[in-house]
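>>> please find the sequence and the predicted model below.
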Amino acid sequence: MIGREEIEISEDKVADVFYAGDAPLNEASLYKLKSGPALAICFRLLNTDVHFVSLVRRILYETIYPPRDEAHDSESPWSPKTAFDRYKSYSPCKEEIWQHRKEEKVERKAGNLISLLPSREAIIEAIEASKNEKEQRKLQLLKTGNLEALAALNEKSDLNLATLASELSVVRLVLRLFVTLCNMEEEEEFVIDENEYFPPPGLLIPGFYAPPNDIAKTNGLAVLFPKLVRERVTPNPEFLPPHVLVLLEINKRYKAIETIAPYKHAIINMGIFEALSPYHSVHIAYTVKQFDTLDISSLNLDKLRLAFMMSMEVDVPLLHLMDLNPVFVSRDCATGEEECAAMFPVNYADDYDQFEDFN
């Protein structure tokens, strides 16, 4: 870990932090994010041969972890599941929130009272000290033969011990009475604001989020850890890595998604177009999932293409797509830059998760 920040996330900052990501930004998760500081952690992977984004996503979202205790059954909160499933929660209803607030108020009052009263340990120590003092005094009186003083000491010490024991019982009784009274008072004094906003119940609230692709990761680092980025990163002369355009027939869409899924980090942009060439295209859908929901009766399926804007920092992803016999591939990165720019404008998919096919 090379960076750790507690951040306040405002409405304006949400779009910046989660740009190109797949976090479920519903009413409940946004409400939770803005209700207090969020912890942002930056890790560094020393093995540069491993793709960091894929590794972290696999650890947090895909790996099934065994329960902490083998005795737990399948219904236990610690039954085998992914880290994401283990730490996610769902938005409670307003009655549950009010009840939780009542209980917190009672606990605070009880804690304040306990801090003012002598502790159980202090009373026990006092009793033991009194016993030891009594025994030492007895030995001295026996050595001197003062039997009258010895009898008086026995009577006095017994009274002191009885007083200390009584104090211990009183402490316990007072605490029990206090908790009972607090519960009764809360029912009468706790004010409920019916106009207070709460998110709808039952919405998913993730326990954490990790970027799903290099674009989201790079953006998150720049927004959350700008100092670390400035200290460690030398800006490239080009904003995007070298890239090419790949077009496949629409009937190969499912096979293409399955093939490229292990290398999704190499996809800069993707979409479905009606295209005779990169320079004569009409956008139809951002993803295969979105395309499958459309009425395609008016479309010419022979002209539909699944387009990928592929990074060429590593050529393995492109080689896998080549096995599907694409109808078009840029001849080099210089040409690919122009062809991709013709199909994918700068603001492409700003308002849509174009990587939902891989979720």
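Okay, I see it.
>>> now do the helices in this structure.
Under the criterion DSSP state H, helices of the chain are mapped to 11-17, 27-34, 52-57, 83-87, 94-116, 120-144, 147-189, 214-224, 226-232, 253-260, 288-292, 316-322, 333-343.
>>> looking at those, which is closest to Val246?
With CB to CB as the measure, helix 316-322 is the member of the helices of the chain nearest Val246 (5.4 Å). Heads up, the C-betas are built off the backbone N, CA and C, glycines and all.
>>> thinking again about what came up before, export the helices of the chain to JSON lines and append columns for mean neighbour count and distance to His280.
Supplementary listing: these in JSON lines, determined by neighbours: other CB atoms under 10 Å; distance: least, CB to CB, whole Å:
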{"stretch": "helix 11-17", "mean neighbour count": "13", "distance to His280": "33"}
{"stretch": "helix 27-34", "mean neighbour count": "18", "distance to His280": "41"}
{"stretch": "helix 52-57", "mean neighbour count": "17", "distance to His280": "34"}
{"stretch": "helix 83-87", "mean neighbour count": "15", "distance to His280": "43"}
{"stretch": "helix 94-116", "mean neighbour count": "13", "distance to His280": "55"}
{"stretch": "helix 120-144", "mean neighbour count": "13", "distance to His280": "83"}
{"stretch": "helix 147-189", "mean neighbour count": "13", "distance to His280": "70"}
{"stretch": "helix 214-224", "mean neighbour count": "18", "distance to His280": "27"}
{"stretch": "helix 226-232", "mean neighbour count": "12", "distance to His280": "39"}
{"stretch": "helix 253-260", "mean neighbour count": "16", "distance to His280": "21"}
{"stretch": "helix 288-292", "mean neighbour count": "16", "distance to His280": "20"}
{"stretch": "helix 316-322", "mean neighbour count": "16", "distance to His280": "22"}
{"stretch": "helix 333-343", "mean neighbour count": "17", "distance to His280": "9"}
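>>> mean pLDDT for those: which is lowest?
Ranked by mean pLDDT, the helices of the chain bottom out at helix 147-189, with a mean of 62.
>>> in this structure, which strand has the most residues?
If you go by DSSP state E, the chain has its longest strand at strand 267-277.
>>> starting at the chain centroid, how far to stretch 21-40?
Chain-centre distance of stretch 21-40: 9 Å, with CA atoms, centre = their mean, to the nearest Å.
>>> can you list contacts of it?
3-11, 14, 18, 90-91, 198-200, 203-206, 209, 211-212, 216, 220, 224-225, 353, 355-356, 359 (CB atoms under 8 Å, 6 or more residues apart in numbering).
>>> how about Ile59: what's its closest non-neighbour residue?
Ala83 (7.1 Å; CB to CB, 6 or more residues apart in numbering).
>>> surely that neighbour and Ile64 touch.
No. Between Ala83 and Ile64 there is no contact under CB atoms under 8 Å: 9.5 Å.
>>> if we can go back for a sec, would TSV of the helices of the chain with distance to Gly271 be doable?
Output for those, formatted as TSV (distance: least, CB to CB, whole Å):
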stretch	distance to Gly271
helix 11-17	21
helix 27-34	27
helix 52-57	21
helix 83-87	28
helix 94-116	42
helix 120-144	69
helix 147-189	56
helix 214-224	15
helix 226-232	29
helix 253-260	11
helix 288-292	9
helix 316-322	15
helix 333-343	8
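>>> for the ones you listed, which one sits closest to Ala266?
Taking CB to CB as the criterion, helix 316-322 is the member of the helices of the chain that comes nearest to Ala266, at 4.0 Å.
>>> report all helices and strands that the closest one contacts.
strand 243-249, helix 253-260, strand 304-311 (3 or more CB pairs under 8 Å, 6 or more residues apart in numbering; DSSP states H and E).
>>> mind redoing it with 6 Å?
Counting contacts by 3 or more CB pairs under 6 Å, 6 or more residues apart in numbering; DSSP states H and E, helix 316-322 is packed against no other helix or strand.
>>> for that helix, list the C-alpha coordinates in PDB.
The C-alpha trace of helix 316-322 is given here as PDB (Å, rounded to 0.1, in the frame of the first residue of the first chain):
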ATOM      1  CA  VAL A 316      -2.300 -11.100 -27.600                       C
ATOM      2  CA  PRO A 317      -6.000  -9.700 -27.400                       C
ATOM      3  CA  LEU A 318      -5.900  -8.800 -31.100                       C
ATOM      4  CA  LEU A 319      -4.600 -12.200 -32.000                       C
ATOM      5  CA  HIS A 320      -7.500 -13.900 -30.300                       C
ATOM      6  CA  LEU A 321     -10.000 -11.700 -32.200                       C
ATOM      7  CA  MET A 322      -8.200 -12.600 -35.400                       C
END
